[in-house]
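# quick one, structure for this:
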Amino acid sequence: MISKEEILHVATLANLKFQPDEVDSFVDQLDKIVNMESKLSSVDTTGIEPTYNMGDTSTVFREDKGIHTQTREQMLENVPETDNNLIKVPTIVDKEDDE
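Now for the predicted structure:
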């Protein structure tokens, strides 16, 4: 059985924040998933070919042509902030003071 402490530990590693009442629900859900996996591992699959791909494996090749459906101005109309015809986005990596 999965413990509450294990759920909280994994949540910390994954940077997830749970409300106290949610943790018990996750314990039950994860325990059901682990139990289901153990049932599946007990099924005899002798002689069954593995499935490697669930989709159609045939590829249809076509010529790669660029199609312009909008102008730059039309595309930039939906952008919150631009700078010199470029999309301005927030900084996601902080630089150290000594760099």
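# buried set for the host helix or strand of residue 27?
Per DSSP states H and E, residue 27 falls inside helix 20-41. Buried residues in helix 20-41, counting neighbours by 16 or more other C-beta atoms under 10 Å, are found at 26, 27. (Each C-beta comes from the backbone N, C-alpha and C, glycine too.)
# and the next element down the chain from that helix?
Helices and strands here follow DSSP H and E; after helix 20-41, the next one along the chain is helix 72-76.
# distance from that following helix to the middle of the chain?
Centroid separation between helix 72-76 and its chain, computed with C-alpha atoms, centre = their mean, to the nearest Å, is 29 Å.
# contact partners of that helix?
Identification of contacts with helix 72-76 by C-beta atoms under 8 Å, 6 or more residues apart in numbering yields 82, 85, 87.
# I'd assumed residue 88 was in contact with the first one.
By that I understand residue 82. Yes - in terms of C-beta atoms under 8 Å, residue 82 counts as a neighbour of residue 88; the distance is 5.9 Å.
# common neighbours of those two, please.
The overlap between the contact sets of residue 82 and residue 88 (C-beta under 8 Å, 6+ apart) is empty.
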